[in-house]
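Peer 1: need coordinates for the below:
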Amino acid sequence: MRPNSLLRLGAVTTALVTPFRGDAVDLSTLEKLAVRQVLSGVGGLAVCTVTGEGPTLSMLERSAVLQCCMRAADRRVPVLAATGTNCTLETIRLTQQAEALGAAAAIVTVPYYSKPGQRGILHHFQTLAAETSIPVIVDDNPARSASSLSPQTLEALATIPSIAGVIGHGIQPPSPALRERFLFLSDRDDTSLAFLSGYGTGIISSGANVHPRLFNSLHNAALAGNIPGALALERRLHPLTQILGDQAPAQIKYALRLLLDVDATVRLPMVELDADERAAVFDALTSAAETRPLAS
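Peer 2: Purely as a prediction, here's the structure:
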């Protein structure tokens, strides 16, 4: 089974931020941000991820965010929903909701904090697959989950028909059979060129919230083998990709405030940037200079 028989993604899928106004999700601004991404040529949208502050969203808010972005995308690009938690039953519930609303795929993390063993991880995804039909992308991020897929578990996941791919920049180079079977994605903008020059098939990008055209051009150049062009874009975007870290939602929202006058509010436990952090974002935007930022 070829991976694109389950899910078609372009080089860049944007992990979209969730804008807030006061205590509520700002659906009007969210729709504008989603349309901007689609018109910029990205290959997909991912909502309710960590970048989208998904862990802080209620089930009702997740539903509203997904439906809003699906309307904005208007079937021009796939919309993926992050539905993974460290509770299998809750993950099933959120994934069933995303499937019922028409999401193209679910992004499901390896269960975090409880640190399940390899059998537990496998059973988690087998149980999810038994209760849903939507394509699933496994998010393997040991820095967040404290657990990691072994090569043997990855091979076992390939036997589950609904598993379409895996996000994981630390995975050992996959076998030819797995490369034929899975989409291999990364969520690291700072190492995306090297990843796509190897076995990678696409990027779940936080930075594309800020400069979707530049990130899309970078990743398309890499996949087309235009390494000189990709390197030039990588150098241009380097200051931005280097500052996107644990506070990515706050950094991206502040960047969008400078570029598009978007409210930079984040939900606890995220906090807004301090003066030094704001200055770093401003400098990174000035370096990329696709659109001149407003005064900080």
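Peer 1: what secondary structure does F184 sit in?
Peer 2: State at F184, reduced to three classes by DSSP: H, G, I helix; E, B strand; the rest coil: strand.
Peer 1: measure it to N220 for me?
Peer 2: The spacing between F184 and N220, counted by C-beta to C-beta, to the nearest Å, is 17 Å. For the C-beta atoms, the positions are set from N, CA and C on the backbone; glycine is no exception.
Peer 1: so which of the two has more stuff around it?
Peer 2: Between F184 and N220, counted using other C-beta atoms under 10 Å, the more crowded position is F184 (23 against 19).
Peer 1: and the more buried one, bridged to which residues?
Peer 2: Going by DSSP bridges, F184 is paired in beta bridges with V166.
Peer 1: so what's it up against?
Peer 2: Taking C-beta atoms under 8 Å, 6 or more residues apart in numbering, we find F184 in contact with G165, V166, G168, I171, P174, Y199, G200, T201.
Peer 1: switch the cut-off to 10 Å
Peer 2: Under the criterion of C-beta atoms under 10 Å, 6 or more residues apart in numbering, the neighbours of F184 are 3, 165-169, 171, 173-174, 178, 195-196, 198-202.
Peer 1: now swap in D190 and tell me
Peer 2: H169, G207, E234, L237, H238, L240, T241, Q242, I243, L244, G245.
Peer 1: I'd like these laid out as JSON lines, including pLDDT and secondary structure.
Peer 2: Listed next are the contacts of D190 as JSON lines, based on pLDDT from 0 to 100; DSSP: H, G, I helix; E, B strand; the rest coil:
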{"residue": "H169", "pLDDT": "64", "secondary structure": "coil"}
{"residue": "G207", "pLDDT": "96", "secondary structure": "helix"}
{"residue": "E234", "pLDDT": "94", "secondary structure": "helix"}
{"residue": "L237", "pLDDT": "94", "secondary structure": "helix"}
{"residue": "H238", "pLDDT": "93", "secondary structure": "helix"}
{"residue": "L240", "pLDDT": "93", "secondary structure": "helix"}
{"residue": "T241", "pLDDT": "93", "secondary structure": "helix"}
{"residue": "Q242", "pLDDT": "90", "secondary structure": "helix"}
{"residue": "I243", "pLDDT": "88", "secondary structure": "helix"}
{"residue": "L244", "pLDDT": "85", "secondary structure": "coil"}
{"residue": "G245", "pLDDT": "73", "secondary structure": "coil"}
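Peer 1: and these, which are buried?
Peer 2: With neighbours counted by 16 or more other C-beta atoms under 10 Å, these contain buried members at H169, G207, E234, L237, L240, T241, I243, L244.
Peer 1: turn these into JSON lines, columns for distance to E53.
Peer 2: Below are these laid out as JSON lines (distance: C-beta to C-beta, whole Å):
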{"residue": "H169", "distance to E53": "22"}
{"residue": "G207", "distance to E53": "17"}
{"residue": "E234", "distance to E53": "27"}
{"residue": "L237", "distance to E53": "23"}
{"residue": "L240", "distance to E53": "20"}
{"residue": "T241", "distance to E53": "20"}
{"residue": "I243", "distance to E53": "18"}
{"residue": "L244", "distance to E53": "15"}
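Peer 1: nearest to L258, out of these: which one, please.
Peer 2: Comparing the buried ones among the contacts of D190 against L258 with C-beta to C-beta picks out L240 as the nearest, at 12.0 Å.
Peer 1: flag the shaky bits of this protein, pLDDT-wise.
Peer 2: Low-confidence segments of the chain (pLDDT under 70): 1-6, 169-170, 246, 289-296.
Peer 1: can you rerun that using 80?
Peer 2: Counting by pLDDT under 80, the chain contains low-confidence ranges at 1-6, 146, 169-173, 245-246, 289-296.
Peer 1: confirm E277 sits in a helix?
Peer 2: Yes - the assignment for E277, made by three-state DSSP, places it in a helix.
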